[in-house]
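Student: I would like to see how this sequence folds:
(one chain, ligands or ions: 1)
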Amino acid sequence: MKPEVLLLEPMMAPFEERLEALYTVHRLYDPAQVSSIETALPNIRGVVTGGGTGISNEWIEKLPALGVVSVNGVGTDKVDLPFARSRGIDVAITAGVLTDDVADIGIALMLAVLRHVPCGDAYVRGGQWGNEPFPLGTSPTGKRVGILGLGQIGKAFARRAEAFGMQVRYWNRSPVADTPWKSCASPVELAADSDVLCVAIAASAATSKVVDSEVLRALGSKGFVVNIARGTVIDEDALLAALNDGSIAGAGLDVFVNEPNIREEFFTAPNTVLMPHQGSATIETRLAMGEMVLANLAAHFGGETPATTVN
Ligand code: 8YV
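Tutor: Numbers count the residues shown, from 1 in each chain. All right, here's what the predicted structure looks like:
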């Protein structure tokens, strides 16, 4: 008998094929499977989900045989890790393989907003070139970048920013050893000492809305926000207000509260570049992530603890 596995979001086709070969696969997002999943719930022993999707405690409670949640991502803010542990469930992630691509999307957003790339594209396509002036951009060279959350992704962004001639400083919840960069005492102090604030902090109850109106005020009217972490770590009311009244200069955002049904005010926010949560979304990285998702499932069903278990 093949173990039964529940997919909460789709994977690349080759991985879905390999999953089908090894497991009986149920897909929660497939409307055609709603009634068959209901009867399968007591037998489901593994879940595959995304970092942005996670799994709720209500769903975990519906799955009495569940032993492993294999997250196709690194964020675990949508999984109650102690609760999963209390039920003997291993939660495993795709550690390490997406760091560079997430940092890259941060750099892409920073340059896009500083140099008005989406506006330039619309301007050329719209036939405005030659008819209307195009605004000057802002150079990253010589500017200060503040990294909020100096984990692997924050460090990868910082190294890239240095290649653009930027000076790095950071704030992290716990001390970080062996870094050449200046440490700031608080998020407000970091923002006050930054031209670009790159938000790369892991989301949790402790970091919810860590970027609030005070931090945005400290960043100031010439400051930009880049968010490659989670929407929840920024107070979106405060961010939208700051963008609209010019108390910050702009934002590049890959992540939002309530994706994909984000607040429509973002669509008209000035100097704001939006991406639909694409940090890890390259062919290469999604292949590497898929391998880890499958390896973590295989380890669990082989009687081992998956290598990248985080709870
Ligand atoms: C993915 C992510 O977009 O790693 C994470 O936590 O949010 C992203 O890498 C997501 O996990 C894919 O569903």
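Student: all contacts plus neighbour counts: C-alpha atoms, from now on.
Tutor: Noted.
Student: pull the CA atoms of stretch 1-18 into PDB?
Tutor: What follows is the C-alpha trace of stretch 1-18 in PDB, where atoms were taken according to Å, rounded to 0.1, in the frame of the first residue of the first chain:
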ATOM      1  CA  MET A   1       0.000   0.000   0.000                       C
ATOM      2  CA  LYS A   2       1.400   3.400  -1.000                       C
ATOM      3  CA  PRO A   3       1.300   6.000   1.800                       C
ATOM      4  CA  GLU A   4      -1.300   8.700   1.300                       C
ATOM      5  CA  VAL A   5      -0.100  12.300   0.800                       C
ATOM      6  CA  LEU A   6      -2.000  15.500   0.700                       C
ATOM      7  CA  LEU A   7      -0.800  18.400  -1.500                       C
ATOM      8  CA  LEU A   8      -1.900  21.900  -0.400                       C
ATOM      9  CA  GLU A   9      -0.400  23.600  -3.400                       C
ATOM     10  CA  PRO A  10       0.800  22.400  -6.800                       C
ATOM     11  CA  MET A  11       4.500  21.500  -7.500                       C
ATOM     12  CA  MET A  12       6.400  21.400 -10.800                       C
ATOM     13  CA  ALA A  13       5.000  18.600 -13.100                       C
ATOM     14  CA  PRO A  14       8.100  16.200 -12.800                       C
ATOM     15  CA  PHE A  15       7.700  16.200  -9.000                       C
ATOM     16  CA  GLU A  16       4.000  15.600  -9.100                       C
ATOM     17  CA  GLU A  17       4.700  12.600 -11.400                       C
ATOM     18  CA  ARG A  18       7.300  11.300  -9.000                       C
END
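Student: quick check, pLDDT for the residue positioned nearest the centre of the chain.
Tutor: With distances taken as CA atoms, centre = their mean, the residue of the chain nearest its centroid is residue 229 (4.2 Å). Looking at residue 229, its pLDDT stands at 98.
Student: same deal with residue 175?
Tutor: 87.
Student: what do you get for residue 35?
Tutor: On pLDDT, residue 35 comes in at 85.
Student: for it, give its distance to the ligand.
Tutor: Here residue 35 is placed at a distance of 24 Å from the ligand (CA to the nearest ligand atom, to the nearest Å).
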